[in-house]
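Trainee: Pasting a predicted model and its sequence here:
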Amino acid sequence: MKGLFVGKVKKIGIISIISIVILSYGLFFYMQGITEYNIKNSLFEQQKDRQGESVLSIAQNIESDINLVTLMLDGLANSAYFQEGELYSQQAKRLMEEKYRQFDSVVDRLFVLDKNEVVTSSITQSGSETFVGNDLSLREWVSETRNALRPVISNGFERQGIYTIFITYPIINRDSKEYVGMVVTSIPTEKFFSHYGNVRDSNSPFLVAYDKNGTILADGANDELVGDSFF
């Protein structure tokens, strides 16, 4: 009887030890899993915050540069030459050339449309098409500027494989309030966004930019996607 009792106690003791060992290992791996999850989650949140701050900084820089271009157009639209309707004069063209040289790292063309939406003067890189004499009245960004009488930033527009956005500024005579025409600049999207991040190498952190309709304007993952709709 005594031997049987001792045997049971011994058996219970062994089972208890095994249970404690199993429970300890289970608790260890459980705590390790929680710790690993918390570390991964913390690292993810830190990376997300850093990336959010980086994207915000890029967006603010882009907004600042767009504002500078718009202010340049504002200055031209309110200059004495354009206010007096001198859209064809050499003085007005020299003023445009001066402004173009200041912004040629961003814009590739600076031009003026008269009230009939015909290009009267254009400054661009040597050898590039000037558009002088072209009627652009059917362009959406032209009609929107003419109808709303306010600056407009266009959606992406493809020409000869290059995507471009246009920024317009109406010329309105301050005294008569008469619409005189508009000053316009064009910005090649890939060249523009390359100032703020990588848009050509998918093997490094890259930048993707869209217009308000979801059309891809620059894409570091694959430049062949430029012009496609994100949606």
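Mentor: Ah, there it is. Bear in mind that the values here come from a model prediction, so they are computed numbers and not experimental data.
Trainee: List the contacts of the spatially closest residue to Asn134 that is not a sequence neighbour.
Mentor: Closest residue to Asn134 apart from its sequence neighbours, by C-beta to C-beta, 6 or more residues apart in numbering: Val119 at 5.0 Å. Using the backbone N, CA and C atoms, a C-beta is placed for each residue, glycine as well. Residues counted as contacts of Val119 (C-beta atoms under 8 Å, 6 or more residues apart in numbering) are 111-113, 130-134, 136.
Trainee: What subset of those residues is buried?
Mentor: 111-113, 131, 136 (16 or more other C-beta atoms under 10 Å).
Trainee: between these, which is closest to Thr185?
Mentor: Ranked by distance to Thr185 (C-beta to C-beta), these are led by Phe111 at 7.7 Å.
Trainee: so which strand or helix has the closest one?
Mentor: Under the criterion of DSSP states H and E, Phe111 resides in strand 109-114.
Trainee: Name the strands paired with the helix or strand just after that strand and say parallel or antiparallel.
Mentor: Next along the chain after strand 109-114, taking DSSP H and E as the criterion, comes strand 119-124. With DSSP bridges as the test, strand 119-124 is paired with strand 109-114 (antiparallel).
Trainee: now the strand it pairs with: mean pLDDT?
Mentor: Summarised as a single mean, pLDDT over strand 109-114 is 94.
Trainee: Relative to Gln83, how far out is Asp108?
Mentor: Distance of Asp108 to Gln83, computed by C-beta to C-beta, to the nearest Å: 26 Å.
Trainee: Okay, now stretch 100-112: how far is its last residue from its first?
Mentor: End-to-end distance of stretch 100-112 (C-alpha to C-alpha, to the nearest Å): 13 Å.
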